[in-house]
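1. Quick one, what's the 3D model for this:
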Amino acid sequence: MKFGFLKRWKFWKRFMLITIVLPILLFGILLLIVYIKQDDIIQGEIEAMNKKHKGLIVVGDTHLAPFENFPYISIKVDDVKIYESKSKDAELILDVADIYVGFDIRDIVAGEYDVQTLLIEDGFFNIIKHEDGSTNLENALATPEEASDEEEEDPMDIHLKSIELRNLDIHKLDEASNLDVETYIHEAKGGFKTGNGEIAAHIDTEFVLNVIDDYDTTYIKHKHFEFHTDVVFNENSGLLDIKPSGITMEHGDFGIEGSIETKNDMTLDLHVNGEKPNFDMLIAFAPEDLIPVLERYKNAGKIYFHADVTGPTANGQMPFIDAKFGAAEAFMENTDAGKRVDDLAFKGHFTNGPSKPWSFQLKTSRLSRKKASLKGQFSLRTFKSQTWIWNCMRTLT
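-> Numbers count the residues shown, from 1 in each chain. Down below sits the predicted model:
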C-alpha cells in the first residue's frame, strides 16, 4: 500500500513537530532574546540621547509587548518624560503613560535596532515658543558643548512604517502673544513610504481644536475634526504637498488640497471647498453653544463654501484668508413651533486682506415667510472697530 505510512503514529508525531511545535519553539526563543535585550535597547539609547542633547529623557519600566504592533515585536516603555533641560526646575515638554516601540525581530537578532512602528498614548505634549524666538523643543534637541567633541555612537535607526497616537493633548503656546493652540487627539494613524528623496504618508485622525488667547477662549472652541489625507514631503525642497483630501468639522464636510513650504516662512497655499444640500457646513462655523440650537431646525438648500488660505505663518505672521459662502433655494423650519422660512438666499464674503482688514459681508440676502419677504445686506467692516452697515427692505404681498 503506497500511503500506508500515513497511518503510522510516528509519522504524525514528526509532522506535528515540524509544522507546529518547531515554529512555536523558534518564536519563543526569539521572544526570549528580545526580553533579555529590551533594557539594553531602550536604556542604552536613552543614555546616548541624554549625552547628545541638552534635554533630559526619563522613563519608567520596560515590558515586552509582542502582539501590540504585530507582525512587529514591540517594547512598551512606561512613563516617558522629556524635559527642556537637565536643570531641576526644567519644564516638561512631553509626559505620556505608554510608548510602544516596534522592531522587526530579525533586526534585533542581528543586533540592529531599527524602529519600524510607534504607538504613543495617554499624555500631553507642550510646544512653547519663547519670547526670544526659540522653542523648548529646539532647546532640548540642542547639542551641549562637551558632547560636540566626543566620538558619536551609532544612533538607533528610525524608518517608520506607521505611527499611532491615542488620547494625546498637544499645546502650542506663543509666550510673546500668549496664544495657545490646543489639539486634543483622540486617535491618529499614519502610514509612511520613502523613496527618491520623498516621504509619502496617509493620515487619518480625529481631534478637538481649541484656540485660547490671553487665557480666554476664542471663537474656535471645542471644534471637532476628522481628517483623512495623503501627503508627500520633498526632503530637498521642504515642500509638503497635500493631495485632495477630506476634512470634517462638526457635521460639515469639506475638501482640502494645496501645499505648505516648511523650510523658510511656513508659507501656506491651501484651498478649501464644500457643497452640500443642507446647512451643516455653515453651522459648523457657529459658536459651540449655538450649534445645538441651529441643529434643531430642519433645513435644506444649495449651500457652498470656498476659501483660499495663502501666505507665510512663521514668527506670528497671519496668512491671507479669502472665503466665499452662500445659499440658494433654501429653507429653515422649526417643526416644534410650526414656523418656516422659505426662499432663503444669501452670499457672504470674509477676508483679512490689506484693503478690507478682517471684514465680513453678507450680500443679496433674501427670505420670505407666508406673505412677507425681506431683502437686504449688511457688512462688518472691521472686527476691531465693529463698524456695521445695514440695508434692509421688507415687502408685503
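
2. Residue 179 contacts residue 215, doesn't it?
-> No - contact criterion C-beta atoms under 8 Å: residue 179 and residue 215 do not qualify, at 10.5 Å. All C-beta spots, glycine's among them, are computed from the backbone N, C-alpha and C.

3. higher neighbour count, the two?
-> Using other C-beta atoms under 10 Å as the criterion, residue 179 and residue 215 rank with residue 179 on top: 16 against 7.

4. For the nearest residue to that one once chain neighbours are set aside, name its beta-bridge partners.
-> Ranked by C-beta to C-beta, 6 or more residues apart in numbering and with sequence neighbours excluded, the top spatial neighbour of residue 179 is residue 213, at 5.5 Å. Residues in a beta bridge with residue 213, per DSSP bridges, are residue 179, residue 216.

5. Quick one, grab the pLDDT at residue 213.
-> For residue 213, the pLDDT comes out at 84.

6. and residue 306, what element?
-> strand 298-311 (DSSP states H and E).

7. Within its sheet, name the partner strands of that strand and how each one runs.
-> Using DSSP bridges, strand 298-311 pairs in its sheet with strand 267-276 (antiparallel), strand 320-334 (antiparallel).

8. in the stretch 51-200 of the chain, which ranges drop under the pLDDT threshold?
-> Residues of the stretch 51-200 of the chain meeting the criterion pLDDT under 70: 67-70, 105, 107-113, 146-159.

9. remind me which residues of the stretch 201-350 of the chain are low pLDDT?
-> Within the stretch 201-350 of the chain, the segments meeting pLDDT under 70 span 316.

10. can you list contacts of the one helix or strand residue 172 maps to?
-> Using DSSP H and E, residue 172 sits within strand 157-174. Applying C-beta atoms under 8 Å, 6 or more residues apart in numbering, the external contacts of strand 157-174 come out as 69, 96, 112-129, 179-192, 194, 205, 316.

11. Of those, grab the buried ones for ChimeraX.
-> To isolate the buried members of the contacts of strand 157-174 in ChimeraX, using 16 or more other C-beta atoms under 10 Å:
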select :69,96,113,115,116,117,118,119,120,121,123,124,125,126,127,128,129,179,180,181,182,183,184,185,188,190,191,205
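
12. taking the contacts of strand 157-174 one by one, which sit in strands?
-> Among the contacts of strand 157-174, the subset assigned to strands under DSSP state E consists of 96, 114-129, 179-192, 194, 205.

13. okay, stretch 220-233 in PDB with CA atoms only?
-> The C-alpha coordinates for stretch 220-233 follow below in PDB (Å, rounded to 0.1, in the frame of the first residue of the first chain):
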ATOM      1  CA  ILE A 220     -12.600  78.300  17.900                       C
ATOM      2  CA  LYS A 221     -13.700  76.300  21.000                       C
ATOM      3  CA  HIS A 222     -14.300  72.600  21.200                       C
ATOM      4  CA  LYS A 223     -14.400  72.200  17.400                       C
ATOM      5  CA  HIS A 224     -14.400  68.500  16.400                       C
ATOM      6  CA  PHE A 225     -12.500  67.500  13.400                       C
ATOM      7  CA  GLU A 226     -11.900  64.400  11.300                       C
ATOM      8  CA  PHE A 227      -9.100  64.500   8.800                       C
ATOM      9  CA  HIS A 228      -8.200  61.900   6.100                       C
ATOM     10  CA  THR A 229      -5.400  62.800   3.800                       C
ATOM     11  CA  ASP A 230      -2.400  61.800   1.600                       C
ATOM     12  CA  VAL A 231       0.700  63.900   1.700                       C
ATOM     13  CA  VAL A 232       4.100  63.900   0.100                       C
ATOM     14  CA  PHE A 233       7.100  65.600   1.700                       C
END
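
14. can you pull the buried residues of that stretch?
-> 220, 223-225, 227, 229, 231, 233.

15. Stretch 336-352 too?
-> In stretch 336-352, counting by 16+ other C-beta under 10 Å, buried: 341, 344-352.

16. Repeat that for stretch 298-306.
-> Here stretch 298-306 shows 299-301, 303-305 as buried, counting by 16+ other C-beta under 10 Å.

17. same check, this time on stretch 75-87
-> Buried residues in stretch 75-87 (16+ other C-beta under 10 Å): 75-77, 80, 82-85.

18. can you pull the contacts of residue 104?
-> By C-beta under 8 Å, 6+ apart, the contact set of residue 104 is 72-73, 114, 116.

19. Now for these: which two are most distant?
-> Farthest pair in the contacts of residue 104 (C-beta to C-beta) is 73 and 114. Separation: 11.9 Å.

20. shared neighbours of those two, anything?
-> By C-beta under 8 Å, 6+ apart, residue 73 and residue 114 have these common neighbours: 103-104.

21. ok so residue 140 is a strand residue?
-> No - if the criterion is DSSP: H, G, I helix; E, B strand; the rest coil, then residue 140 is helix and not within a strand.

22. check contacts around the closest residue to it other than its chain neighbours.
-> Using C-beta to C-beta, 6+ apart and skipping residues adjacent in sequence, the residue nearest residue 140 is residue 55, 2.8 Å away. Residues near residue 55 by C-beta under 8 Å, 6+ apart: 82-86, 93, 139-142.

23. Dump these to a markdown table, plus distance to residue 163.
-> As requested, these are arranged in a markdown table below (distance: C-beta to C-beta, whole Å):
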| residue | distance to residue 163 |
| --- | --- |
| 82 | 17 |
| 83 | 23 |
| 84 | 23 |
| 85 | 26 |
| 86 | 27 |
| 93 | 18 |
| 139 | 24 |
| 140 | 20 |
| 141 | 19 |
| 142 | 24 |
